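1. No letters, just coordinates:
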């Protein structure tokens, strides 16, 4: 189908624990984007990765693009309750195809 | 600046009725996308337009669904007749010319067909 696979599907963590979601494609990606969707909200752009092996950071969030440009990851250090939501990767060709998403729940 | 504007925000309709969802993209954006989100199928791209022209409608589920973009500031997604399995959140999104640009989503139209 259209979608890019993400694991895990769900993750429940205690506040302060780390969290990682992984995005995998069977084909080489030209670039990849990450979005966050809060419960009841709409997807909001976080970042785009383009280069092989690229690593970008946004405060407690670290994004990585694999060397083969077939996978990507998002790591959150010391989660907070404000991190709750679903995180999507999206492969970017002539159109944006979203991954299956990872729903993060953070318990205080 | 106004973002992508969708209406209605919520709609409950009876099976068999026609449903029309509306979208106003961000001014100056050349691309407009319609996505559908459900628990089972996630975020699916239904159709997208470039400069008001439909480019790829391969995600449109069936003939009951149609989308139009009569001008750069307005698009509709129509379902006729609606069925309970069409219940979902329908998002409209827009972006500047591709490739690689961020797309901006509207708040979504929450559709329930009973």
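-> Cool, got the structure. Every value quoted in this text rests on a predicted model; they were computed, and no experiment measured them. Numbering: from 1, shown residues only, chains lettered A, B, ... in the order given.
2. pull the longest strand from chain A.
-> Longest strand in chain A, counting residues (DSSP state E): strand A:85-92.
3. partners of that strand in the sheet?
-> Its sheet considered, strand A:85-92 pairs with strand A:32-37 (antiparallel), strand A:96-98 (antiparallel), strand A:102-107 (antiparallel) by DSSP bridges.
4. low pLDDT regions in chain A?
-> A:1-3 (pLDDT under 70).
5. Name the residues of it found near chain B, please.
-> A:2-3, A:30-31, A:33, A:41-45, A:48, A:50, A:88, A:92-101 (Cβ under 8 Å from any Cβ of the partner chain). (Glycine included, C-beta is placed from N, CA and C.)
6. Specify the beta-bridge partners of residue B:111.
-> What pairs with residue B:111, by the bridge criterion (DSSP bridges), is residue B:11, residue B:88.
7. quick one, what contacts it?
-> B:11, B:13, B:19, B:21, B:79, B:82, B:86, B:87, B:88, B:89, B:90 (Cβ atoms under 8 Å, 6 or more residues apart in numbering or on different chains).
8. rerun that using 10 Å as the cut-off
-> Listed by Cβ atoms under 10 Å, 6 or more residues apart in numbering or on different chains, the contact set of residue B:111 reads B:8, B:10-13, B:19, B:21, B:36, B:77, B:79, B:82, B:86-90.
9. can you pull out the strands in chain A?
-> All strands of chain A, identified by DSSP E, fall at A:5-7, A:10-14, A:19-24, A:32-37, A:44-49, A:55-58, A:61-65, A:71-76, A:85-92, A:96-98, A:102-107.
10. about what we covered before: can I get the strands paired with strand A:85-92 in JSON lines with mean neighbour count and distance to residue B:48?
-> Shown next, in JSON lines, are the strands paired with strand A:85-92 (neighbours: other Cβ atoms under 10 Å in any protein chain shown; distance: least, Cβ to Cβ, whole Å):
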{"stretch": "strand A:32-37", "mean neighbour count": "23", "distance to residue B:48": "15"}
{"stretch": "strand A:96-98", "mean neighbour count": "23", "distance to residue B:48": "9"}
{"stretch": "strand A:102-107", "mean neighbour count": "18", "distance to residue B:48": "25"}
